[in-house]
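J.: turn this into a structure:
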Amino acid sequence: MSRSDTDLSFLYKLTPIARETALWADGTMPLDVCAYISDRVPPASLVSSVRCILRRGADIMVIEDFKGDHHILPGGRCEPGEESEETLQRELLEETGWTAHSPVLVGFTYFHHLQPAPEGYKYPHPDFFQLIYVSEAGEHRPDAMEEESEWEKAADFRPATNVRSLNLDPINRAFLEANL
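T.: Prediction:
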């Protein structure tokens, strides 16, 4: 899908709260990434995944990956025919063992590929979005977690003051600060 296929002019009226260049696919896929606080829902055809700041009182869910890096936005890719909140609940269960209670959309992350699509690339290109929610933790169902994950090593709630001291990327840091 090309940029001309979808109207992204709404972005010009918004100011990002964070911006970074990210390298995916072992450093072979550079992207420009911007985080926005907004209740605006981007074009559905360009929403590839859903993420959430999951709270339990004053504590925040922290995910640690196998490299020892941390993030506070568990979630993942939307499956065909799935509504965003269905994706959110499924992904939170798989990654954390928790459901979200009354999630609220707080913004989105906008990604723009800086290189042509690799051959056979099946995701939106050159632009796509991740919806960002915030929610109080609901039901704990550790049996629903994926038994083996290629990405997540651990998921646990930590006091917000401890989370602030973590080395988070600019996007995670901006969403954390905007939702404390």
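
J.: could you pull out the strands for this protein?
T.: 18-24, 29-37, 47-56, 59-65, 70-71, 75-77, 98-113, 127-140, 152-159 (DSSP state E).

J.: just send those strands back as CSV, with distance to residue 92, mean neighbour count and mean pLDDT too.
T.: Yep, even glycine has a C-beta here, placed from its N, CA and C like the rest. Putting the strands of the chain into CSV (distance: least, Cβ to Cβ, whole Å; neighbours: other Cβ atoms under 10 Å; pLDDT from 0 to 100) gives the following:
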stretch, distance to residue 92, mean neighbour count, mean pLDDT
strand 18-24, 22, 13, 96
strand 29-37, 20, 18, 98
strand 47-56, 6, 23, 98
strand 59-65, 8, 19, 96
strand 70-71, 14, 20, 96
strand 75-77, 7, 19, 96
strand 98-113, 6, 20, 98
strand 127-140, 8, 20, 98
strand 152-159, 9, 15, 92
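
J.: okay if I get those as a markdown table plus distance to residue 9?
T.: Output for those, formatted as a markdown table (distance: least, Cβ to Cβ, whole Å):
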| stretch | distance to residue 9 |
| --- | --- |
| strand 18-24 | 19 |
| strand 29-37 | 14 |
| strand 47-56 | 17 |
| strand 59-65 | 34 |
| strand 70-71 | 30 |
| strand 75-77 | 26 |
| strand 98-113 | 13 |
| strand 127-140 | 12 |
| strand 152-159 | 36 |
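
J.: wait, which of the ones you listed is closest to residue 146?
T.: Closest approach to residue 146 among these (Cβ to Cβ): strand 152-159, 8.0 Å.

J.: strand partners of the closest one, parallel vs antiparallel please.
T.: strand 59-65 (antiparallel) (DSSP bridges).

J.: need the contact partners of the strand it pairs with.
T.: Residues outside strand 59-65 that contact it (Cβ atoms under 8 Å, 6 or more residues apart in numbering): 53-55, 70-74, 95-96, 98, 137, 151-160, 163, 166, 176.
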